[in-house]
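> sequence and predicted model, in that order:
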Amino acid sequence: MFNSKFRKAAGLLLFGGVIAACNQSTKDKQEADANVVRLITVDPGHFHAALVQKSMYPEVDSVVQVYAPADGKDLQAHLGLINDYNNRETDPTHWKEEIYTGPDFLDKMLKDRKGNVVVLAGNNKRKIDYISSAIEGGFNVLADKPMVIDKKGFSRLEKAFATANEKGVLLYDIMTERFEITATLQRALSRDTSLFGKLEKGSLQEPAITKESVHHFFKSVSGKPLIRPTWFFDVSQQGEGIVDVTTHLVDLVQWEGFPEQRIDYKKDIEVLNARRWATWVKKDEFKKATNEDIPDSLKEQVNPAGDLGVYANGEINYKIKGVFAKVMVKWNFEAPEGAGDTHYSIMRGTKANLIIKQGPEEGYKPVLYIELPKGNQNANFDQSVQDAVKKLSGTYQNLQVEKMKTGFYRLVIPEVYKTSHEEHFGQVTKNFLSYLEQNKLPDWEVPNMLAKYYITTEALSLAKKNKK
């Protein structure tokens, strides 16, 4: 009898152990699944959505869910780029795209819940709708710039950030220019008080920080001519230049000039003035960029000569924490042979100026210069420059500086640190993945994103009132 009872008890213990082991195994699998990032791409209408997937990431599932409208042109362009990455000779990716198309694609995505990170890059008019829906649904969101293109959108974005905080999810925009090496080093050198001193306050006529960029409607991406959707030329959908590319410039002003500082747009920002103007695109240029004729929906923007006016250019002058700043963006149709998008930046310090140029003299490649401000007398300036560069060489090996003339120096940056615009998307994504793992953004990121979009949308409103 004892043996029988013992065997029965032992069997129950064994059975219970098996159940416990199964439960633990299930729990471990659930925890492991929770740590896997699964991407969902929604309505990809811009090539930046594909650039997020130009690289593979160990923590990201190779299966990506794609939800898009049924009309398909933007989707096919997106899938074409992913296919190119999967089939390239060097370091091919191995993404598997599972696709759903239909008028209910957004509702279907929210219902299916087949991923935990929504990637958005496309029509900017609809972007805030997608952001709001995804955040309300409890998804993390990685969104291309701009997240909003007008003041109404800004109010909704503010609410989206509050909801994200309540639901414990992250909302983040893709700021690639922080990874351009000259911008990174400009920021680093501006923090060296022995070289740079303090950031000047500046004036409206001579801002302490100026950032300007020139872009082009027709360009190549991943070695092929970029065919843009026709709506890219519709500022009611793409957004005007003053709220689009300027997001990068405003972001750099904050990231470099006020590193890791929280910026309260209600207290720290004053938009002084803003202006906007059109780039005129000829009929044959529009056809070259889109493979289509100018649609009837854009006829009101066409002049008697048949050229399409696109409000792609803008300038904003503002004060941030009492410092004068200026950003300007210009769009041409196509860059000269051998050229591309360009960037100009200056940070004025009490002891030195830090200048990025990317013109013909630089071979259209960004170059960072260090300049002794006019009127400053500093017999030890050469040594200060050498010392500052030496400090950075611990992080950036073989970084050097070349004296061009008295009080003017050029940084010589090893090629290994010069990553391309396309590579920057992988760098941003890796950063975002690290934030996901912590389930937390740096404390300053959310208020500074709000400050950034307040500046751009407020500037657009002001520029329209000025009718310039």
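Ah, there it is. Numbering: from 1, shown residues only.
> could you use CA atoms for every contact and neighbour count after this?
OK.
> which pLDDT value does the model give the residue nearest to residue 225 when sequence neighbours are not counted?
Of all residues not flanking residue 225 in the chain, residue 219 sits nearest, at 5.9 Å (Cα to Cα, 6 or more residues apart in numbering). Here the pLDDT value assigned to residue 219 is 83.
> gap between residue 219 and residue 195?
Distance of residue 219 to residue 195, computed by Cα to Cα, to the nearest Å: 39 Å.
> looking at the two now, which is surrounded by more residues?
residue 195 (25 against 18; other Cα atoms under 10 Å).
> quick one: contacts for that one?
189, 351-352, 381, 384-385, 388 (Cα atoms under 8 Å, 6 or more residues apart in numbering).
> average pLDDT for the host helix or strand of it, rounded please.
For residue 195, the host element (DSSP states H and E) is helix 193-196. The pLDDT scores in helix 193-196 average 96.
> how far does that helix sit from the chain's center?
For helix 193-196, the separation from the chain centroid amounts to 29 Å (computed by Cα atoms, centre = their mean, to the nearest Å).
> in that helix, what counts as buried?
194-196 (16 or more other Cα atoms under 10 Å).
> from those residues, pick the one nearest residue 182.
Nearest to residue 182 out of the buried residues of helix 193-196 is residue 196 (Cα to Cα; 15.7 Å).
> my read: the closest one touches residue 190, true?
Yes. Taking contacts as Cα atoms under 8 Å, residue 196 lies within contact range of residue 190: 5.5 Å.
> mutual contacts of the two, please.
With Cα under 8 Å, 6+ apart, residue 196 and residue 190 have common neighbours residue 349.
> what helices or strands is the helix or strand following the helix holding residue 195 leaning on?
As assigned by DSSP H and E, the chain's next helix or strand after helix 193-196 is strand 209-218. Helices and strands touching strand 209-218, by 3 or more Cα pairs under 8 Å, 6 or more residues apart in numbering; DSSP states H and E, are helix 246-257, helix 283-290, strand 323-334, strand 342-348.
> these: which one's closest to residue 229?
Nearest to residue 229 among those is helix 283-290; the distance by Cα to Cα comes to 5.9 Å.
> and that closest one, how far from the chain's centre?
Distance, centroid of helix 283-290 to centroid of chain: 27 Å (Cα atoms, centre = their mean).
> what does stretch 123-139 give?
That offset, for stretch 123-139, works out to 17 Å (Cα atoms, centre = their mean).
> taking the mean pLDDT, what do you get for that stretch?
Rounded mean pLDDT across stretch 123-139 is 97.
> show me what counts as buried in stretch 396-416.
Quick answer for stretch 396-416 (16+ other Cα under 10 Å): 396, 399-401, 407-411, 413.
> let's have those in TSV, adding pLDDT.
Formatted as TSV, these follow (pLDDT from 0 to 100):
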residue	pLDDT
396	96
399	97
400	96
401	96
407	86
408	93
409	97
410	97
411	97
413	97
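> let me know the closest of the buried residues of helix 193-196 to residue 289.
Among those, and counting by Cα to Cα, the member closest to residue 289 is residue 196, at 43.5 Å.
> distance check, that closest one against residue 397.
21 Å.
> hmm, back to that, quick one: contacts for the residue nearest to residue 225?
225-226, 334-335, 340.
> can you give me the helices in the stretch 101-250 of the chain?
Assigned by DSSP state H, counting those that start in this stretch, the stretch 101-250 of the chain shows helices spanning 105-112, 124-136, 151-167, 181-190, 193-196, 235-238, 246-257.
> quick one: residues contacting residue 122.
Here residue 122 is in contact with 43-46, 49, 144 (criterion: Cα under 8 Å, 6+ apart).
> skip the chain neighbours and tell me the closest residue to it.
residue 45 (3.8 Å).
> that neighbour is in what secondary structure piece?
Here residue 45 is assigned to no helix or strand, by DSSP H and E.
> give the contact list for it.
The contact partners of residue 45, by Cα under 8 Å, 6+ apart, come to 74-75, 78, 121-123, 229.
> okay, the residues you listed in TSV with distance to residue 321 next?
As requested, those are exported to TSV (distance: Cα to Cα, whole Å):
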residue	distance to residue 321
74	41
75	43
78	41
121	31
122	33
123	33
229	39
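> now which of these would you call buried?
Buried members of the contacts of residue 45, scored by 16+ other Cα under 10 Å, are 74-75, 78, 121-123, 229.
> biggest separation within the buried residues of stretch 396-416, which pair?
396 and 407 (23.3 Å).
> thought residue 44 was touching residue 75?
Yes. In terms of Cα under 8 Å, residue 44 counts as a neighbour of residue 75; the distance is 6.0 Å.
> overlap in contacts of these two?
residue 68.
> residue ranges with poor pLDDT in the stretch 351-468 of the chain?
Within the stretch 351-468 of the chain, the stretches with pLDDT under 70 are 467-468.
> just the strands in it please.
With DSSP state E, counting those that start in this stretch as the criterion, the stretch 351-468 of the chain has strands at 353-357, 367-371, 400-405, 408-412.
> nearest to residue 261, of those strands?
It is, among the strands of the stretch 351-468 of the chain and with distance given as Cα to Cα, strand 353-357, at 20.4 Å.
> start to end distance for stretch 233-250?
23 Å.
> now it: buried residues?
Those buried within stretch 233-250 under the rule 16+ other Cα under 10 Å are 233-235, 237-250.
> and if you look at stretch 436-450?
For stretch 436-450, burial by neighbour count (16+ other Cα under 10 Å) applies to 436, 441, 445-450.
> what does residue 89 show for phi and psi?
Torsion angles at residue 89 (phi, psi; degrees, to the nearest 10) stand at phi -70, psi -40.
> try residue 304
The phi/psi pair for residue 304 (degrees, to the nearest 10) reads phi -60, psi -30.
> residues near it, how many?
6.
> quick one on the thing from earlier: make a PyMOL selection of whichever of the contacts of residue 219 turn out to be buried.
Selection of buried members from those for PyMOL, criterion 16+ other Cα under 10 Å:
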select buried, resi 226+334+335+340
